[in-house]
Each structure stands twice: as C-alpha cells, then as structure tokens.
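> I would like the atomic coordinates for the input below:
(one chain, ligands or ions: 1)
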Amino acid sequence: MTKKVSTLTFQKYKQEGRKIVCLTAYDYSTAKILDKAGVDLILVGDSLAMVALGHPTTHAVTMDEMIHHTKAVTRGVTRAFVVADLPFMSYQVDQKQAITNAGRFIKESQAEAVKLEGATPLNLETVSRLVDMGIPVMGHLGFTPQSIHALGGTRVQGRSAEQAAKLIQDSLALERAGIFSLVLEMVPTVVAKIISEQLTIPTVGIGAGKYCDGQILVTDDLLGKYTDFQPRFVRRYANLAEVCNQSVTDYAEDVRRTGFPNDDESFALPEDEEEKLRALLDTFSISHGELSC
Ligand code: KIV
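Residues are numbered from 1 along each chain as shown. Below you'll find the model as predicted:
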C-alpha cells in the first residue's frame, strides 16, 4: 500500500533536498494517470477556466465549477496531495467569504488544502485563520494570473531589486502566516533561489528556474493538448493535440467508409435465434410503420 502524501511529506522532502513533483488536473481520468505516475501534489488550478472551459483568463470560473472538478479529481487519487485553487473573488471580499469557500473545498470535494494568490494584509490574516482551523494553505506569488489586468499582462515579476525585495518580504510574511508551500510563478531564477533558501517551507516553481524545491506545470501544456499559447517556461513532453487530431480524423474516415465498427466490436445474435427471428418476422405484416400479426 503506497503512503498518502501529506504536508509533512513536503517538509521532509525540503529537508532532504528531494524535489517535489506537482501538476494540474481537472478531471478523474487525468488525476488517476498523474497519481499512478507518482506525482506528489495535484493542483486543481483555476487555470481550468482557460484550459478546460475555454475562457480567455482565469477570472470566470466559479466556486461551484471548481468544486465540481475537484470532486472528480479526488475520486481519481489515492497517493497524491490534492490542492484546490480558490477562484477569483472567492476570498478577496472578506475573511468570512474566504473561510466559507475554503471550508467548502474541504467538506464538499475532499481537497486537502487550498491555494490563494498574493500577500495582501487580508490574505495574511485569512491564511492564519485557515491554518488555525486545520486547513493547509498554499501561497502563490510572482505572476498571479488573477491580477493579470493590474499587472499589465502575463509578465515576469520581481525584475528590479526593489520588486524582488518586495517578493522576498511577501514570501516571508506568508510563511509567518502559516502557508505550507509557496508557488513562485514567472520570477527570475536568482530571486526564486533566494526565496527558496530563506524559507523553511518548500517553494514550487513555474517559470521560476531550477532552484525551487519543486516544479509545477499545467498538465495540458506539458502534454501539448492546450495549444492556444505556449509560455516560454513550458516544456512539451508530447503533442497530444496532434495525436488526438489524427485519431479523430482516422475514426471519421473509418465511419464514412463503414470500416468501423467491425464484427469484433459488435454483438452477435446466436444463429438459431436469428433464424427464429426471421421466421417470426415472416408471420408479421408491417403497416404504417408498426408490426402486427
Ligand atoms: O491555476 C493554475 O494552474 C496555477 C498553476 C499554474 C500554479 O495556479
């Protein structure tokens, strides 16, 4: 029996210098594949708004949609630690809203932790309240997609000494508030390295270089299935869009030339039953589309 991953596992990995493998999933079958392949942490990211639902940004996804997908993911997982992303405007209004929605993820979808973006004073208070209540929280700094309009687009963050220093301060503040892990997105390698060295909790990078304690990618990017755009930090390990396209084209051709299904893919009626059926049909007459004796 494989041991379930917990927040303690990540702490241990950090101490041992062992990298944490993280990926996103939005459905049961993908979650099952990732879990079987030994992924340590599965994030039901709000990137599902873009990747699974076709929205232009992460903003549109709702709590109910996130819960619906998180339920599917947790059903497919036995080992990995599942984190659910608090979507835009599900935690920014006030602490009561944040606590209610974080609680819904744990109660309704069996997620084991939640993630939120930024280190605003409200977020810091929210993190400590959630941690007090027994809900582990993952932080997210650097490029935070929910603030894409304020940040002026998908851009690397912390490129000046002042901005980098602010990122380091925010990381330390989130750690003090109680997060168990921190996502660093689109941050210069050296800044992510300093943060990873300063923090006792593990960092998980996405476009943040090789010194983070773990790495995360959007699974559909890694598999070459989501092709609307490809950020520079993505490494594609497969071209599923091409594989899927070819498979569907082949299927369409088979259907059109009656090459699908064949006899092995269909169900036979025993010969004697077919004979009986034909004899029976001979005694029927068909009028107005109905069978009668
Ligand atoms: O929503 C998401 O998928 C994320 C990861 C890219 C970190 O936040």
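> what about the helices in the stretch 1-150 of the chain?
With DSSP state H, counting those that start in this stretch applied, the stretch 1-150 of the chain shows helices at 7-16, 28-36, 48-51, 63-75, 95-109, 121-132, 148-151, listed in chain order.
> using TSV, lay out the ones you listed together with distance to Leu182 and mean neighbour count.
Placement of C-beta: from N, CA and C, glycine included. Conversion of these to TSV gives the following (distance: least, Cβ to Cβ, whole Å; neighbours: other Cβ atoms under 10 Å):
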stretch	distance to Leu182	mean neighbour count
helix 7-16	11	15
helix 28-36	21	18
helix 48-51	21	23
helix 63-75	21	20
helix 95-109	17	18
helix 121-132	11	18
helix 148-151	18	12
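> mean pLDDT and distance to the ligand added to these, as TSV?
Formatted as TSV, these follow (pLDDT from 0 to 100; distance: least, Cβ to the nearest ligand atom, whole Å):
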stretch	mean pLDDT	distance to the ligand
helix 7-16	98	15
helix 28-36	98	13
helix 48-51	98	7
helix 63-75	98	10
helix 95-109	98	14
helix 121-132	98	15
helix 148-151	97	12
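> mind putting the ones you listed into a markdown table with distance to Glu185?
Formatted as a markdown table, those follow (distance: least, Cβ to Cβ, whole Å):
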| stretch | distance to Glu185 |
| --- | --- |
| helix 7-16 | 18 |
| helix 28-36 | 20 |
| helix 48-51 | 14 |
| helix 63-75 | 19 |
| helix 95-109 | 21 |
| helix 121-132 | 16 |
| helix 148-151 | 11 |
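> right, and the ones you listed - which one's nearest Asp85?
Closest of the helices of the stretch 1-150 of the chain to Asp85 is helix 63-75, at 6.8 Å (criterion: Cβ to Cβ).
> then the closest one to CSV, C-alphas only?
C-alpha atoms of helix 63-75 as CSV (Å, rounded to 0.1, in the frame of the first residue of the first chain):
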residue,chain,number,x,y,z
MET,A,63,-16.7,28.1,-6.8
ASP,A,64,-19.3,25.7,-7.9
GLU,A,65,-17.4,24.8,-11.1
MET,A,66,-14.2,24.5,-9.1
ILE,A,67,-15.9,22.1,-6.6
HIS,A,68,-17.4,20.1,-9.4
HIS,A,69,-13.9,19.5,-11.0
THR,A,70,-12.2,19.0,-7.6
LYS,A,71,-14.6,16.2,-6.7
ALA,A,72,-13.7,14.4,-10.0
VAL,A,73,-10.0,14.8,-9.3
THR,A,74,-10.1,13.5,-5.7
ARG,A,75,-12.1,10.4,-6.9
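> what's the angle between that helix and helix 28-36?
On the basis of axes from the mean of the first three to the mean of the last three Cα atoms, to 10 degrees, helix 63-75 is oriented at 50 degrees to helix 28-36.
> quick one: contacts of helix 63-75?
Residues from elsewhere that reach helix 63-75 (Cβ atoms under 8 Å, 6 or more residues apart in numbering): 25-28, 30-31, 42, 44, 46, 48, 52-53, 82, 84-87, 90, 101, 104-105, 108-111.
> once you drop chain neighbours, what's closest to the residue of the chain found nearest the ligand?
The ligand sits closest to Gly45 of the chain, with a gap of 2.2 Å, by Cβ to the nearest ligand atom. Residue nearest to Gly45 in three dimensions, not counting chain neighbours: Thr24, with 4.4 Å by Cβ to Cβ, 6 or more residues apart in numbering.
> touching, Leu141 and Gln169? I think so.
No: using Cβ atoms under 8 Å, Leu141 makes no contact with Gln169, being 10.3 Å away.
> neighbour count winner among the two?
Leu141 (25 against 11; other Cβ atoms under 10 Å).
> ok, now which ones touch Lys3?
Arg79.
> what separation do you get for it and Gly158?
Distance from Lys3 to Gly158, counting by Cβ to Cβ, to the nearest Å: 36 Å.
> same check on Gly178?
Gly178 sits 23 Å away from Gly158, going by Cβ to Cβ.
> so between these two, which is more surrounded?
Neighbours per residue (other Cβ under 10 Å) separate Gly178 from Gly158, with Gly158 holding more: 26 against 18.
> can you name the residues of this protein sitting close to the ligand?
By Cβ under 6 Å from any ligand atom, the residues of the chain that approach the ligand are Thr24, Leu43, Gly45, Asp46, Ser47, Asp85, His140, Val183, Glu185, Ile206, Ile216, Val218.
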